[in-house]
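S.K.: Build me a model from this:
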Amino acid sequence: MFLFSLSYLKLLGGIYLGWSLGANNTANVFGTAVSSGMVKFRTATVFFVVFVILGAVIGGAPGIKTLGGLTSQNINTAFVISVAAAVAVTLLTMLKLPASVSQAVVGAILGIGILQKQINSAGLQKVVICWICTPVGAAVIAILLYMFLTYILRKIDIHFLDFDRIVRIMLILSGAYGAYALGANNVANITGVYCQAGILTPFLAALIGSISIALGAVTYSRNVMMTVGKSIIPLNAFCALVVVLSEAITVDIFAHIGVPVSTCQAVIGGVIGVGVVRNIKAVNFKVLYKIFSGWMVTPVISCVLSYVLYKIFYM
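M.R.: Residues are numbered from 1 along each chain as shown. Prediction:
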């Protein structure tokens, strides 16, 4: 009975990771809309909470299966992986930088895999290839969307007040779509290892993971929203819409493929795509350099943390 209770107590590691994902990655869905003043923070968080849970429960199973299959897991490794990844993401959140939770989790899994000498290299290769394709794909989609929507708007004679109202509605709808895609794709990062360890069913893994993501969004997401929405390149409402749509489409594609990818990398790719079309000189490369640096160090930090934590407490 005691061991049973202790196993569920270790789920707190996954809940902590879900909280950190919500705190950091809500910005990738509604950051541009909120920072541009078109959508209120409270409205954004309500839509995010509802649709991230729906996305996780309805479409989260394929990603949970892929991530859980990288190495074999038990409750101890699942706990260490969650804590190591959450600490890495929390550090970047405190620095107001968007972090890749997917990279943090895979880095932590690798740390355990190195200790146990059990790594699914084919699965890892698939995940890494998708990481590279995510920002590139989002940038390409953003460029195409920007050109297509601009062409449509030029053909339609519309009053600017009506334009603002339509864009605001579109931002909320596209943000809801982005939250759904994030839930479907990223819940695997939160509770996939617990599912592999046999502690949770896929449904409970999706439900608990998505609720913990929602908690992070409600309590600690505003600062990173402003970094994503304002610091890389100034965005108007139309560009914010293009960025959110490109991010949501990209992440949704990978959710169907069954590989958890970074919404952070997708939204940054979308922002860069808009910057390429509008004015590449307006892109703040210093901020981009900080973000890229964060992406590079995140899996390294979580890998080292999981390696050290597991060796100290379980070996």
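S.K.: Kindly provide the distance from the residue sitting nearest the centre point of the chain to residue 31.
M.R.: Nearest to the geometric centre of the chain sits residue 263, at 3.7 Å (CA atoms, centre = their mean). According to CB to CB, to the nearest Å, residue 263 stands 10 Å off from residue 31. No exception for glycine: its C-beta is placed from N, CA and C like everyone else's.
S.K.: elements contacting the one helix or strand residue 128 maps to?
M.R.: Assigned by DSSP states H and E, residue 128 falls within helix 121-155. If you count contacts as 3 or more CB pairs under 8 Å, 6 or more residues apart in numbering; DSSP states H and E, helix 121-155 packs onto helix 61-68, helix 101-116, helix 237-257, helix 263-278.
S.K.: Which one of those helices lies nearest to residue 160?
M.R.: helix 237-257 (11.0 Å; CB to CB).
S.K.: And that closest one, what's buried?
M.R.: 237-255, 257 (16 or more other CB atoms under 10 Å).
S.K.: how big is the angle separating that helix from helix 61-68?
M.R.: 70 degrees (axes from the mean of the first three to the mean of the last three CA atoms, to 10 degrees).
S.K.: so where's the protein shaky on pLDDT?
M.R.: 1-7, 67-72, 96-98, 224, 226-234 (pLDDT under 70).
S.K.: Name the single longest helix found in it.
M.R.: In the chain, taking DSSP state H as the definition, the longest helix is helix 160-196.
S.K.: quick one: that one to helix 237-257, angle?
M.R.: Using the same axes, to 10 degrees, helix 160-196 lies at 30 degrees relative to helix 237-257.
S.K.: in helix 160-196, what counts as buried?
M.R.: Buried, per 16+ other CB under 10 Å, within helix 160-196: 167-168, 170-172, 174-196.
S.K.: how far off helix 121-155 does that helix point, in degrees?
M.R.: Using the same axes, to 10 degrees: helix 160-196 against helix 121-155 is 170 degrees.
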